[in-house]
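Peer 1: Give the three-dimensional model of this entry:
(chains A and B)
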Amino acid sequence: MTEQPPSPAASAVTHPLNVIVATDCGSTTTKAILIEKVGEEYRQTYRGEAPTTVEAPFEDVTRGVLNAIAEIEELSGRTILDGDRIITPNHAAQGDPKRGVDIYVSTSSAGGGLQMMVTGVVQNMTGESAQRAALGAGAIVIDVLASNDGRLPYEKIERIRTMRPDMILMSGGTDGGAVTHVVEMAEYIAAADPRPRFGSTYRLPLVYAGNTDARPQIKTILGEKTALDFADNIRPVLERENLAPARNKIHDLFLEHVMQQAPGYKKLIEMAGAPIMPTPAAVGVIMETIAKREGINLIGVDIGGATTDVFSVFNGLFNRTVSANLGMSYSISNVLAEAGLDNIMRWVPFTIDEQTLRNRIKNKMVRPTTIPQSLDELQIEHAIAREALRLALIHHKSLATGLKGIQQERTISDVFEQRTSGKTLIDLLKLDLIVGSGGILSHAPRRIQSMLMMVDAYEPLGVTTLSVDSIFMMPHLGVLSTVNEQAATDVFVRDCMVYLGTCIAPIGQGKDGERCADYEIALPDGRIEKGQLAFGDLKLFALTREQQATVTMQPAKQIDLGNGPGQSFTKTVTGGVVGLMLDGRGRPLQLPGEQAARVAMLTRWYQAVGLYPAGS
Amino acid sequence: MAHSYTPGLTVTERTTVRRRRILPLPGTVLVKVGDAVHADTAVARAELPGKVVPLNLANQLGIAPDEINDYLIKKENDAVQKDDVLAENKPFIKWFKTEIRSPITGKVESVSTITGQILLREPPRILELRGYIDGSIVDVHPEQGVTVETSCSLVQGIFGIGGETSGELVMGVTAPDHPLMPEQLTPAMKGKIVIGGAFLSAATMTRAKELGVIGLVVGGIHDKDLRALLGYDLGVAITGTEQVGFTLILTEGFGTIPMAPKTFALLSAQAGHKASVSGATQIRAGVIRPEIIIPQTSHTAARPDRVEREGIQLGDPVRIIRDPLFGKIGAVSGLPSELRAIPTESEVRVLEVRFPDGTTTVVPRANIEVIEGA
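Peer 2: Numbering: from 1, shown residues only, chains lettered A, B, ... in the order given. Modelled structure (predicted):
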């Protein structure tokens, strides 16, 4: 189910890669980092950023790239640019090590990323498999059409006509099975004659990854109307998904067709020493690498300006979803629309009238590059981020599932258990690590703010470690890992991944102030911290990443810490820049409905962990 | 210091704009280079393919898909009228005869012996592309459209709704900080574009619709009034196709925000002139901002539409676009290069703005917008 993106033509680079510049062209901001070999290891040394310029008046993504790199030049004193050209390789061999870099690599989600429509025969079987394949390739899925999606044929055709995807992925049917339904869908697509989003003169790329027996018919129907390509069936048999070939094909076609149409990308492709990778695909590479290397279950999140991407690896299975209109700049207003004002307001530790708040959010939508200047504005953005994270995880849980529609083998012991196929793979009690990335998490003024945003949104259960991308460079390292594994790993470990700490959250609820659990923490300096965690308490203990503490907890009888209700629990945990957090607020987390009580509760929590400057 | 680009909005008395008028699919261009066109002149035409109606004949006749050709009365590409017989079976007993009739007038687009369905297509619809602005054709893109150029005054708004329209500009208020009230709209404003000041209420919008005002340009509105107008909460700023009775353009943002004096003065000076307006906004994958284009008849030298600016400069007129000073206008009076801590504890690049009353403030560079075209 998992695979690495196609290996770029990195082999073409023969010189050593000692100085690397990497950019990520986001929907709002283009971020550049400089990586240099210091001694035997690579370190991230300087960073710069500039507004992304895929849009008018420039309509040339390379302007933003050059601006961001120019900032690095200023800060580092290194000459990287010669006009609009990146100087490669580095001139160390000529005695001028401060001139040029050895390679330039980039990721991109500018211009709306890769927008795809997928089709299947049965919506929650091949339709979902196709969706997973497209999402895993770094796409935003704008619609899933299936024979049984409840829409009438003419409605499907109208829908295909009105959408302007960058690419279509067709799936459906097991190999050797019936061809009728998948051919029917091809006929609808042919009748709709969909147009690509960019460029009216090129044919829309379409990947067919369905029943291989239907290929001749598909070719007859769509061969002339689209840039048709075939990939192995993504569901060759009912019980198995085979997503890698379709994902690789999508990635190839993205580079060959779609990116060529976006403003300035031809130039960007020529500038880069390796293929441009869609940002989510690059972050996915990093997330998978962490999970594999550590042998853990993780959830990763990249909350951007336009989208929130969620990645998970549970029991080795990788999944990615993108919530296309849940972001912190362009789509911030959609978070309000989807979550509702009350859900956002429940995290705001002061009162503000609805009209003012709504106007502020809309103003951010129309001027997405602005940043919070006052503390109340920051707190509002953090509240919105919690809801974007929460909604995106709900979306992820619905797609990160086992295969649906499969007959399950049951033994006599299963007779009374109503197990259904397609159950979500996300089990928060088995979750080891949450990794956060994206501007609002990476650039939060205090690291505790990132930690609490994720804890509040995800409500982790039991023991969970949290980390954050220090300055938002996971996409860069994802693409870099395909070129130079060591550089990517060194920077990731030394400069990118910041461990925030560990959260211990008992499962269950009780009245505010009631006993939740007794705890005893054996700290590395020999001290023993003993106390009672009451419901509504949030306690923070200093503990670094390098330190370990042994935590013993005796929960109240209805409270579970993973060993069952009322069962005691002992575990050795590590800390981070924030430390060890005992979260006695109960699961599921519930906030008072009455405003004054809620503000008082939030204020108490926020003060308990020093979330914002004192007096705020 | 790097010349990082700071987004801005253009407000200029004299410029030259070019607007590409491109059909959504190949068609016929109706004008040639050098032709003078008006906003409502048809410049290109295309036939939008008609609606497709699929019919599964095999299922309805109870036959195998590969047999349907034997039962068809109408073949591929045949024209059909509504209720024409498309296919029929030939049973021994006439009473059991089944006839499949066409639900539409159009033609048979395709017949599939794999699925057993035929696709009928309704006649194409004619789409005429208008010139949008008064000007002249400077480029023809064969089968696609044209580029129209005009010498004009140009005001870019920050957000709008509604499509392209044109009409006479009239002033609804006398000062940029005055709200546009319902009673300020009169029947004489029918078919015209009304300029308001700082704010427009839901009641004013309702009255504008009743009177047939075609355009409203104002500093700000409340989000709740926008929601009421649209009937839904706008999630992303991609607009231009709304049918609310008029085109609405905000020059400043959401809330009660006085229109920038320069914008108000420019529009006041052009009252009585014909303008083309578009509310189309897209702040993603290619920024489109709403605009007011007022073609000029006198042929004084015009500046080009866009000049690539070399970053922000001292003296540039700017608008603060984030609370707590949202909407205030001043000029850049300092560009410190070092990062500064702001009240959120973030360290960011800042600049100093001097207001007309002589006071100054320091704001993050990300939170200002250059008023271009000065």
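
Peer 1: now the host helix or strand of residue A:228: how far from the chain's centre is it?
Peer 2: Here residue A:228 is covered by strand A:227-230, with elements defined by DSSP states H and E. With CA atoms, centre = their mean, to the nearest Å as the basis, strand A:227-230 stands 29 Å off its chain's centre.

Peer 1: Helix, strand, or coil at residue B:333?
Peer 2: strand (DSSP: H, G, I helix; E, B strand; the rest coil).

Peer 1: Just give the nearest non-adjacent residue to it, would you?
Peer 2: Taking CB to CB, 6 or more residues apart in numbering or on different chains as the measure, residue B:333 lies nearest to residue B:354, with 3.9 Å between them; neighbours along the chain are not counted. For the C-beta atoms, the positions are set from N, CA and C on the backbone; glycine is no exception.

Peer 1: re earlier: which other helices and strands does the strand holding residue A:228 contact?
Peer 2: Using 3 or more CB pairs under 8 Å, 6 or more residues apart in numbering or on different chains; DSSP states H and E as the contact criterion, the elements in contact with strand A:227-230 are strand A:205-208, helix A:215-222, helix A:244-253.

Peer 1: Figure out which of those is closest to residue B:332.
Peer 2: The minimum distance between residue B:332 and the helices and strands packed on strand A:227-230 falls on helix A:244-253, with 44.4 Å, by CB to CB.

Peer 1: got a list of contacts for that closest one?
Peer 2: Applying CB atoms under 8 Å, 6 or more residues apart in numbering or on different chains, the contact partners of helix A:244-253 are A:2-3, A:5-6, A:114, A:116, A:130, A:133-134, A:136-139, A:167, A:169, A:171, A:205, A:207, A:209, A:227, A:229, A:231-232, A:234, A:277-278, A:281.

Peer 1: Give me every residue in the stretch 251-400 of chain A lying close to chain B.
Peer 2: When proximity is defined as CB under 8 Å from any CB of the partner chain, the stretch 251-400 of chain A approaches chain B at A:263, A:306, A:325, A:330-331, A:333-334, A:336-338, A:354-356, A:358-363, A:365-375, A:377-378.

Peer 1: now what about the strand holding residue A:228, what contacts it?
Peer 2: If you take CB under 8 Å, 6+ apart as the criterion, strand A:227-230 is touched by A:202-209, A:215, A:218-219, A:222, A:249, A:253, A:257.

Peer 1: That one pairs with which strands, parallel or anti?
Peer 2: Sheet pairing here is set by DSSP bridges, and for strand A:227-230 it gives strand A:205-208 (parallel).

Peer 1: So residue B:250: helix, strand or coil?
Peer 2: Using three-state DSSP, the secondary structure recorded for residue B:250 is strand.

Peer 1: tally of neighbours for the nearest residue to it once chain neighbours are set aside?
Peer 2: Residue nearest to residue B:250 in three dimensions, not counting chain neighbours: residue B:159, with 4.7 Å by CB to CB, 6+ apart. Residues near residue B:159, counting by other CB atoms under 10 Å in any protein chain shown, number 27.

Peer 1: And residue B:353, by the same measure?
Peer 2: Residue B:353 - counted by other CB under 10 Å - has 25 other residues nearby.

Peer 1: Bridged to it, which residues?
Peer 2: Beta-bridge partners for residue B:353, by DSSP bridges, are residue B:332, residue B:361.

Peer 1: Which of the contacts of helix A:244-253 fall in strands?
Peer 2: Taking DSSP state E as the definition of strands, the contacts of helix A:244-253 contribute A:114, A:116, A:139, A:167, A:169, A:205, A:207, A:227, A:229, A:277-278.

Peer 1: Farthest-apart pair in the residues you listed, please.
Peer 2: With distance counted by CB to CB, no two of these lie farther apart than A:227 and A:277, which are 21.0 Å apart.

Peer 1: Give me the more crowded residue out of the two.
Peer 2: The residue with the greater number of neighbours, taking residue A:227 and residue A:277 and applying other CB under 10 Å, is residue A:277; the counts read 29 against 17.

Peer 1: Helix, strand or coil: sort out the spatially closest residue to residue B:116 that is not a sequence neighbour for me.
Peer 2: Spatially, and ignoring its direct neighbours in sequence, residue B:116 is nearest to residue B:58 (2.4 Å; CB to CB, 6+ apart). Here residue B:58 takes the helix state, with states given by three-state DSSP.

Peer 1: Now do the same contact list for the residue of the stretch 101-250 of chain B at minimum distance from chain A.
Peer 2: Proximity of the stretch 101-250 of chain B to chain A (CB to the nearest CB) peaks at residue B:235, 3.1 Å away. Residues touching residue B:235, when contacts are defined by CB under 8 Å, 6+ apart, comprise A:325, A:331, A:333-334, A:337-338.

Peer 1: which one among the residues you listed gets closest to chain B?
Peer 2: When these are ranked by distance to chain B (CB to the nearest CB), residue A:334 comes first, at 3.1 Å.

Peer 1: Tell me, how many residues neighbour that closest one?
Peer 2: When neighbours are counted by other CB under 10 Å, residue A:334 registers 23.

Peer 1: Assign the residue nearest to residue A:348 when sequence neighbours are not counted to helix, strand or coil.
Peer 2: Closest residue to residue A:348 apart from its sequence neighbours, by CB to CB, 6+ apart: residue A:383 at 4.9 Å. The three-state label for residue A:383, taken from three-state DSSP, comes out as helix.

Peer 1: Next up, the contacts around residue A:383.
Peer 2: Here residue A:383 is in contact with A:344-348 (CB under 8 Å, 6+ apart).

Peer 1: Closest one of those to chain B?
Peer 2: residue A:344 (12.6 Å).

Peer 1: For that closest one, grab the count of nearby residues.
Peer 2: A count of neighbours around residue A:344, defined by other CB under 10 Å, yields 20.
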